[in-house]
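A.B. asks: got a sequence here, can you model it:
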Amino acid sequence: MTAFTNMGVEREKVAFASPYPGKIIPVDLRNYGGKLICQKDAFICAAKGVSIGIDFRRKLGTGFFGGEGFILQKLEGDGMAFIHAGGTIVRKRLLPGQKLKVDTGCLVAMTKDVNYDIEYVKGIKNAVFGGEGIFFASLVGPGEVWIQSLPFSRLASKVVSSAPQVPGSRDVGEGSVLGEFGRLFQD
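C.D. replies: Numbers count the residues shown, from 1 in each chain. So this is what the prediction gives:
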């Protein structure tokens, strides 16, 4: 991991940018027992004294079906850490035993006491028409979770699907007023 050190005697500033549109979330690990579990690639930077590692989950379903949630990062230490989330961010405090189900890609981070597993989406209509995949991240409190509205995979999929398929074509993407209907009238 790259480390930046201020070699001067005065306090200085450093800036970091997010990899795609979204928000940077500052987290003081001291407020969360010195440990935070994050989605892979959520970590941006941290103060000295924070280490980054991999969080292993014991449940089989989490490993095989976790999608974006399969590889989780573990931030440990006693300083500030900064994580990135796409779109709108919701921070939710779960009470003991309270359960929250979210798309696996929408989970950004959770505190160490949150129980995390993957569940199959019941019902063929949900799986086919739900648009989120066939698995949910099941989160059980106590603890806090951070959820994002726009995971990178969803953003990339929308950009690719809106781009012209053939170089030089006048493809009408979903961002246009006509959308798919406009394709009917192309030469």
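A.B. asks: and Arg30, backbone torsions?
C.D. replies: Main-chain dihedrals, Arg30, degrees, to the nearest 10: phi -60, psi -30.
A.B. asks: which residues touch it?
C.D. replies: Taking C-beta atoms under 8 Å, 6 or more residues apart in numbering, we find Arg30 in contact with 78-79. Quick note: C-beta positions are derived from backbone N, CA and C, even for glycine.
A.B. asks: just Lys112 next, same as before
C.D. replies: Neighbour list for Lys112: 32-33, 35-37, 143 [criterion: C-beta under 8 Å, 6+ apart].
A.B. asks: show me how to select, in ChimeraX, the buried members of those residues.
C.D. replies: This is the ChimeraX syntax for the buried subset of those, where burial follows 16 or more other C-beta atoms under 10 Å:
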select :32,36,37,143
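A.B. asks: with pLDDT, distance to Val50 and secondary structure as extra columns, can I get the contacts of Lys112 in TSV?
C.D. replies: Converted to TSV, the contacts of Lys112 look like this (pLDDT from 0 to 100; distance: C-beta to C-beta, whole Å; DSSP: H, G, I helix; E, B strand; the rest coil):
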residue	pLDDT	distance to Val50	secondary structure
Tyr32	95	12	helix
Gly33	94	13	coil
Lys35	96	10	strand
Leu36	97	9	strand
Ile37	96	14	strand
Gly143	97	19	strand
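A.B. asks: looking at the contacts of Lys112, which is nearest Ile118?
C.D. replies: Minimum distance to Ile118 across these is 14.4 Å, recorded for Ile37 (C-beta to C-beta).
A.B. asks: quickly list what the closest one is bridged to.
C.D. replies: Lys74, Met110 (DSSP bridges).
A.B. asks: quick check: it vs Asn6, distance?
C.D. replies: Separation of Ile37 from Asn6 (C-beta to C-beta, to the nearest Å) stands at 30 Å.
A.B. asks: before we move on, what about Met80?
C.D. replies: Distance, Met80 to Asn6, by C-beta to C-beta: 15 Å.
A.B. asks: then Leu36?
C.D. replies: Going from Leu36 to Asn6 by C-beta to C-beta gives 25 Å.
A.B. asks: equivalent analysis for Tyr120, please.
C.D. replies: 50 Å.
A.B. asks: and Lys23, by the same measure?
C.D. replies: Separation of Lys23 from Asn6 (C-beta to C-beta) stands at 26 Å.
A.B. asks: looking at the two, which has the bigger crowd around it?
C.D. replies: Just comparing Lys23 and Asn6: by other C-beta atoms under 10 Å the higher neighbour count belongs to Lys23, 15 against 10.
A.B. asks: quick check, pLDDT for the more buried one.
C.D. replies: At Lys23, the pLDDT value in this model is 91.
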